[in-house]
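no FASTA, just this:
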């Protein structure tokens, strides 16, 4: 039942708790380059000034701060163990001026930037 209904108990003897945690919850480290690789852009591209600034700020943040951005955009603080199944969407919302804050769509792992 429960977890052991999904994972054979014999398979767990080869893993320590940190490895099981990473497989189930993902890694607590937010790799900005990896996040950038899985990003799609709407209404702009990665060479646009807003995208360049976004990625510079993300690189300058601590891991805890990056986790908060991921949580704002997705509703969880960690990247999944298999990022190939996930896509992060950055959208430039031209209807917002720079006095607005970013808007998130947690169901879709997306940010709308002003």
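Received, thanks. All of these numbers come straight from a predicted model, not from anything done at the bench. Numbering: from 1, shown residues only.

tell me the contacts of the spatially most central residue of the chain?
Nearest to the geometric centre of the chain sits residue 70, at 4.5 Å (C-alpha atoms, centre = their mean). Residue 70 makes contacts with 30, 35, 76, 77, 78, 79, as judged by C-beta atoms under 8 Å, 6 or more residues apart in numbering. Bear in mind the C-beta positions are built from the backbone N, C-alpha and C, glycine included.

ok, 7 Å please
By C-beta atoms under 7 Å, 6 or more residues apart in numbering, the contact set of residue 70 is 30, 77, 79.

burial of the second one, as a residue count?
By other C-beta atoms under 10 Å, 18 other residues sit near residue 77.

how close does it get to residue 22?
Residue 77 sits 14 Å away from residue 22, taking C-beta to C-beta, to the nearest Å as the criterion.

before we move on, back to that, with pLDDT, secondary structure and distance to residue 7 as new columns, can the contacts of residue 70 be given to me in JSON lines?
Formatted as JSON lines, the contacts of residue 70 follow (pLDDT from 0 to 100; DSSP: H, G, I helix; E, B strand; the rest coil; distance: C-beta to C-beta, whole Å):
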{"residue": "30", "pLDDT": "96", "secondary structure": "coil", "distance to residue 7": "26"}
{"residue": "77", "pLDDT": "94", "secondary structure": "coil", "distance to residue 7": "23"}
{"residue": "79", "pLDDT": "89", "secondary structure": "strand", "distance to residue 7": "21"}
